[in-house]
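> got a predicted structure here, sequence first:
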2 protein chains.
Amino acid sequence: MTPDFRLDRTLAAAELEDVLRQVGAERYHIRHPFHRLMVEGRLTREQMQAWALNRYCYQAVIPRKDAIILSRIEDRALRLSWRERILDHDGDGASPGGIERWMRLATGLGLDAQTVASQRLALPATRFCVGAYLTLVEKRTLLEAIASSLTEMFSPEVIGERVSAILERYPYVDADTLDYFTPRLAQAPRDVDVALAYVREHARTMETQQLVVDALIAKCEILWTMLDALYFSYVEPGITPPGAFAPEAGR
Amino acid sequence: MTPDFRLDRTLAAAELEDVLRQVGAERYHIRHPFHRLMVEGRLTREQMQAWALNRYCYQAVIPRKDAIILSRIEDRALRLSWRERILDHDGDGASPGGIERWMRLATGLGLDAQTVASQRLALPATRFCVGAYLTLVEKRTLLEAIASSLTEMFSPEVIGERVSAILERYPYVDADTLDYFTPRLAQAPRDVDVALAYVREHARTMETQQLVVDALIAKCEILWTMLDALYFSYVEPGITPPGAFAPEAGR
């Protein structure tokens, strides 16, 4: 395997899955310095707010992202299972979905709900990353759109690390505030099973397997670049672009 | 005028142009710390390479951006003048266009042409910014697509600063290497005249004028965020994402 994950032959399904896990091991944002600071308890409350406020923009777009994918699926059975994702994030009108639960995290950190929902203080970089995700699922093949969701293979690990570290090291955050993450631990593996089954079925040549690998890399880049922007604006050098959330007065 | 440029009444054409110039004064990337370092002669050769290599991705997409706009223009006369932009950047097969001239800048700085053209060492953030520009001209109104080009109102100033500073402070760069910028000084004002005439004609209400202002802000954010990413990866803290151009071995 070359460092940029170029395949040189068709892989068996299990081998392909190994390559995908290797992409995660090298490129998933669990390795990003901003995430490391978070789990080490070294972020200020304002930095945690910046994270929650920006990440909200990502959460808010997930059901639209999945609706684009849904609109491209011809197989009714697959549409039925993919539809679950939209319910997970939008809720069903009675119990809250992921977006509302993420808002609870944001307000639990002291942010104003309207400000968060308006997304107007988010970093432009966050919006460009989120837009890149929508463009990916709209313009690349359905196989790539589905494969890009496979970062969920790695999300239980990052969630586990994040939740226990936050509860231990950020005394002003309680378990209720982190309510977003609990259902994700069950939803993510279920979603991964569906997506991996699709990939196994539809990526049986070197070329299509390369598309799958590259789509996962592209999605890792989206998540990684969101943290780059947070680090740049709120950790070091701490240069906030005009109009974005600025925790410290006078900055 | 509020800090985020919310209009509260319909403006006369000259007033609208004043607001657009004010957006430029506050948001155009001439004010970005990375540009300031460049004109102060404080970038290393490797940092100049990173700039040229990433900015190439932006240059390379300009004719496609203008082709999208061209595809949306119903007025033949406007299509004729907008078409000039594509020629400026793609050339006419005999004399080189802006993309080739930018490549001359990149290779003049010591980069390999094939590597630059492949775009594979560019920062993901650069690609997301460039993608956001394509999405803007494709999905927003034609008025907004055209207004987003109005950053050219400010480009002669940034080019003037950049060219004289580079020739004075970067002895390894000669005038030929900066050949990209010379024709832009004549092309940009001509393009601005066309775009401003369109805006004057089609933005006669507060609502449409707000669209114009916001489109210009969005474009400034795209250019600004490209420099944020360069600063983060190549100046401070100097964290380069996996797979991107890494000038220093071992980083």
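That came through fine.

> residue contacts, the closest residue to A:V116 other than its chain neighbours?
Once flanking residues are discounted, A:V116 sits nearest to A:A106: 4.7 Å by C-beta to C-beta, 6 or more residues apart in numbering or on different chains. Where C-beta positions appear, they are placed from N, C-alpha and C, glycine not excepted. Applying C-beta atoms under 8 Å, 6 or more residues apart in numbering or on different chains to A:A106 gives the contacts A:49, A:52-53, A:56, A:113, A:116.

> what do you get if the cut-off is 7 Å, keeping everything else the same?
A:A106 sits next to A:52-53, A:56, A:116 when contact means C-beta atoms under 7 Å, 6 or more residues apart in numbering or on different chains.

> over to A:D191?
Applying C-beta under 7 Å, 6+ apart, the residues near A:D191 are A:85, A:149, A:152.

> secondary structure element holding it?
helix A:181-202 (DSSP states H and E).

> columns secondary structure, pLDDT and neighbour count on top of the contacts of A:A106, output as a markdown table?
Below are the contacts of A:A106 laid out as a markdown table (DSSP: H, G, I helix; E, B strand; the rest coil; pLDDT from 0 to 100; neighbours: other C-beta atoms under 10 Å in any protein chain shown):
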| residue | secondary structure | pLDDT | neighbour count |
| --- | --- | --- | --- |
| A:A52 | helix | 98 | 22 |
| A:L53 | helix | 98 | 23 |
| A:Y56 | helix | 98 | 21 |
| A:V116 | helix | 98 | 25 |
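
> look up how far A:S148 lies from the residue nearest in space to the middle of chain A.
Nearest residue to the geometric centre of chain A (C-alpha atoms, centre = their mean): A:L223, 5.8 Å. Using C-beta to C-beta, to the nearest Å, A:L223 is found at 11 Å from A:S148.

> what residues does chain A have near chain B?
Chain A comes close to chain B at residues A:4, A:26-27, A:33, A:124-125, A:128-129, A:131-132, A:135, A:221, A:224-225, A:228-229, A:231-232, A:236-237, A:239, A:241-243, as judged by C-beta under 7 Å from any C-beta of the partner chain.

> so for A:I73, what's the pLDDT?
The model reports A:I73 with a pLDDT of 98.

> these two touch, right, it and A:S81?
No: between A:I73 and A:S81 there is no contact, the gap being 9.6 Å when judged by C-beta atoms under 7 Å.

> re earlier: let's have the contacts of A:D191 in TSV, adding pLDDT, secondary structure and neighbour count.
Compiled in TSV, these are given as follows (pLDDT from 0 to 100; DSSP: H, G, I helix; E, B strand; the rest coil; neighbours: other C-beta atoms under 10 Å in any protein chain shown):
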residue	pLDDT	secondary structure	neighbour count
A:R85	97	helix	24
A:S149	98	helix	26
A:E152	97	helix	18
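
> just name the closest of the residues you listed to chain B, please.
Distance to chain B across those (C-beta to the nearest C-beta) is lowest for A:S149, with 18.1 Å.

> surely the closest one meets A:A195?
Yes: A:S149 is in contact with A:A195 according to C-beta under 7 Å; the separation is 5.1 Å.

> residues contacting A:T208?
Counted by C-beta under 7 Å, 6+ apart, A:T208 has contacts A:143, A:202.

> just the element for it, please.
Using DSSP H and E, A:T208 falls in helix A:206-234.

> and if you look at A:A132?
helix A:124-139.

> could you point out which element follows that helix?
helix A:142-147.

> centre of the chain versus that next one, how much separation?
Offset of helix A:142-147 from its chain centre (C-alpha atoms, centre = their mean, to the nearest Å): 16 Å.

> list the contacts of that helix.
A:69, A:72-73, A:136-137, A:195, A:198-199, A:202-203, A:208, A:211-212, A:215-216.

> can you do 8 Å?
Residues contacting helix A:142-147 (C-beta under 8 Å, 6+ apart): A:68-69, A:72-73, A:136-138, A:195, A:198-199, A:202-203, A:208, A:211-212, A:214-216.

> and the following helix or strand past it, what does it pack onto?
Sequence order places helix A:155-169 as the next helix or strand after helix A:142-147, per DSSP H and E. Judged by 3 or more C-beta pairs under 8 Å, 6 or more residues apart in numbering or on different chains; DSSP states H and E, helix A:155-169 is in contact with helix A:33-39, helix A:181-202.

> how about the nearest residue to A:A229 once chain neighbours are set aside, what does it touch?
Spatial nearest neighbour of A:A229, excluding adjacent residues (C-beta to C-beta, 6+ apart): A:A125 at 3.5 Å. By C-beta under 8 Å, 6+ apart, the contact list for A:A125 reads A:225-226, A:228-229, B:125, B:128, B:225, B:228-229.
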